[in-house]
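*Asks:* quick one, what's the 3D model for this:
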Amino acid sequence: MGRPRKPMPQVPAGARRQWAADRAMWAPMRSPGRPEPSRAVQREFWRLIASGVTTVQAAEGVGVSAPVGIRWFRHAGGMTPLSLDEPTGRYLSFADRDRAGDRDAGVLR
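*Replies:* Residues are numbered from 1 along each chain as shown. Predicted coordinates:
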């Protein structure tokens, strides 16, 4: 049935009368959870899957928990959702961006 609702807080002095009713309709705030691992980690996970290892072994191989690996596999329907090739030179690597930022800031390495 679910957990019981918290009692409604008292309406602040001077607030409009509709405040409590509006507050009752708000959805509960959800935590966004942990950030997704990088695409490089996911790409390596799918490479391991393609090589024939189990989902749990692939998850452990890239440093994520077994439930995360199973969820990736299940949500993708067993097919890799991204290209297994390394990214092309269209975007700068982190090291290149860092070097360009240092150059713009006048730092020499």
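
*Asks:* hey, let's count contacts and neighbours off CA atoms from now on
*Replies:* OK.

*Asks:* can you name the residues in contact with stretch 69-76?
*Replies:* With Cα atoms under 8 Å, 6 or more residues apart in numbering as the test, stretch 69-76 has contacts from F45, T55, V56, A58, A59, M79.

*Asks:* where does this structure have low pLDDT?
*Replies:* Across the chain, the ranges flagged by pLDDT under 70 are 1-2, 6-26, 28-29, 107-109.

*Asks:* all helices for it, in order.
*Replies:* Counting by DSSP state H, the segments of the chain that form helices are 19-25, 39-51, 55-62, 66-75, 94-105.

*Asks:* redo those helices as JSON lines? Include distance to L84 and mean neighbour count.
*Replies:* Output for these, formatted as JSON lines (distance: least, Cα to Cα, whole Å; neighbours: other Cα atoms under 10 Å):
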{"stretch": "helix 19-25", "distance to L84": "45", "mean neighbour count": "11"}
{"stretch": "helix 39-51", "distance to L84": "6", "mean neighbour count": "18"}
{"stretch": "helix 55-62", "distance to L84": "14", "mean neighbour count": "19"}
{"stretch": "helix 66-75", "distance to L84": "15", "mean neighbour count": "16"}
{"stretch": "helix 94-105", "distance to L84": "19", "mean neighbour count": "12"}
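
*Asks:* T88: which of those is closest?
*Replies:* If you check each of the helices of the chain against T88 by Cα to Cα, helix 39-51 wins as the nearest, at 13.0 Å.

*Asks:* and the closest one, how far from the chain's centre?
*Replies:* Counting by Cα atoms, centre = their mean, to the nearest Å, helix 39-51 is centred 16 Å from the centre of its parent chain.
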